[in-house]
Every structure is written in structure tokens, then in C-alpha cells.
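A.B. asks: sequence first, predicted model second:
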Amino acid sequence: MALTSNQEGERQAPSQPWLVSTQNDCEQLLKNIGRLDGQPAGSCRGGSDGHICWATQPKDTTATQNCPSVTGLDTTKVVSRRCGNGVWLDAVGNMTVCLTPELKDLIKCASGASSVDAQQTLLPLVFTSLLFFILKL
């Protein structure tokens, strides 16, 4: 994966670093741009959540990225992941906010969920499976 440079000559991640979803590739990318180590005590270490590559994040903050450019996801929305005191509070970024209305409807139909509680429980599970399939294409 090629790195780009900004006007000051600093190395930057590609416009869509979430395309680097393996832990090794993500850590290499973050090392190359200086965003893996060297952060204050209590920071959450950067790495892949299996879908998105997240830079090391200071404690008690929220990392955000635009939703990936993948069919069924709205790139105008923002996915987030919270860092506590040295621990990611979210195992993965909350990508359900990225779903287009059409994909949400498709997932609701596929899950057969009729109640709001059932939809809120099943939607992330079905979405994760569907996203895994889409990203592997």
C-alpha cells in the first residue's frame, strides 16, 4: 500500500486506510506514518478491528473515520470507536451507522425481525456477516 505526502512532506495514510484490515498490514501502515507507538500513557494501541485500521488513540477520546467506500455503505456518515484508559471500549467501530437505508431494509427482511428490539439485536450481527462477505469480494 502506497503512502502519500501532504504539503509539508509528512507521510500520510491512504485516503481509505480501512482497506487495510489485517492486523499485520494495519500495524505496518501505522508504523510508516508514525501513528502506532509513542502516544501518551493510557492510549489505546492502534490496529485492525477486522474491518478498519485504527490509529493509536489518546485515552478518553473517540476516534472517527468516514465510512468505507463499499456498496451498501454511506460514505457521508462517520464510524467511531471509543478509547478508555488504555482499552478500546468498542471491540469494533460502530459501522451500523454507515448502512444505507436500502441495505438496512434488506437486512431487516433477511433477519425476519419484526420488533424493534429484535432488529437492534440482529442488525449488527447480520451486518457484520454481510460486511465480511462484501470486503472479501
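C.D. replies: It's in. Note that the coordinates shown come from a computational prediction; the quantities given were computed from them, not determined experimentally.

A.B. asks: okay, helices next: where are they in this protein?
C.D. replies: Taking DSSP state H as the test, the helices found in the chain are 23-32, 101-111, 116-135.

A.B. asks: the ones you listed: lowest mean pLDDT?
C.D. replies: The minimum mean pLDDT among the helices of the chain belongs to helix 116-135 (a mean of 58).

A.B. asks: ok, Ile107 touching Pro101?
C.D. replies: No: counting by C-beta atoms under 8 Å, Ile107 does not reach Pro101; the two are 10.8 Å apart. Every residue, glycine included, has its C-beta placed from N, CA and C.

A.B. asks: which one of the two is surrounded by more residues?
C.D. replies: Neighbour count, other C-beta atoms under 10 Å: between Ile107 and Pro101, Ile107 has more, with 22 against 8.

A.B. asks: those strands in this protein, which residues are they?
C.D. replies: Assigned by DSSP state E, the chain shows strands spanning 4-5, 11-12, 47-48, 53-54, 61-66, 78-83.

A.B. asks: burial measure for the residue nearest to Asp74 when sequence neighbours are not counted, as a count.
C.D. replies: Closest residue to Asp74 apart from its sequence neighbours, by C-beta to C-beta, 6 or more residues apart in numbering: Thr100 at 5.1 Å. By the measure other C-beta under 10 Å, the count of residues near Thr100 is 15.

A.B. asks: oh, and call the first residue 46 from now on, that's how I've got it
C.D. replies: Will do, 46 is the new start, and the previous item becomes Thr145.

A.B. asks: tell me the contacts of Thr145?
C.D. replies: Gly117, Leu118, Asp119 (C-beta atoms under 8 Å, 6 or more residues apart in numbering).

A.B. asks: ok, so of these, who is nearest Gln102?
C.D. replies: Leu118 (22.0 Å; C-beta to C-beta).

A.B. asks: which ones are touching the closest residue to the closest one other than its chain neighbours?
C.D. replies: Of all residues not flanking Leu118 in the chain, Cys143 sits nearest, at 4.3 Å (C-beta to C-beta, 6+ apart). Going by C-beta under 8 Å, 6+ apart, Cys143 touches Cys112, Pro113, Leu118, Asp119, Lys122, Val124.
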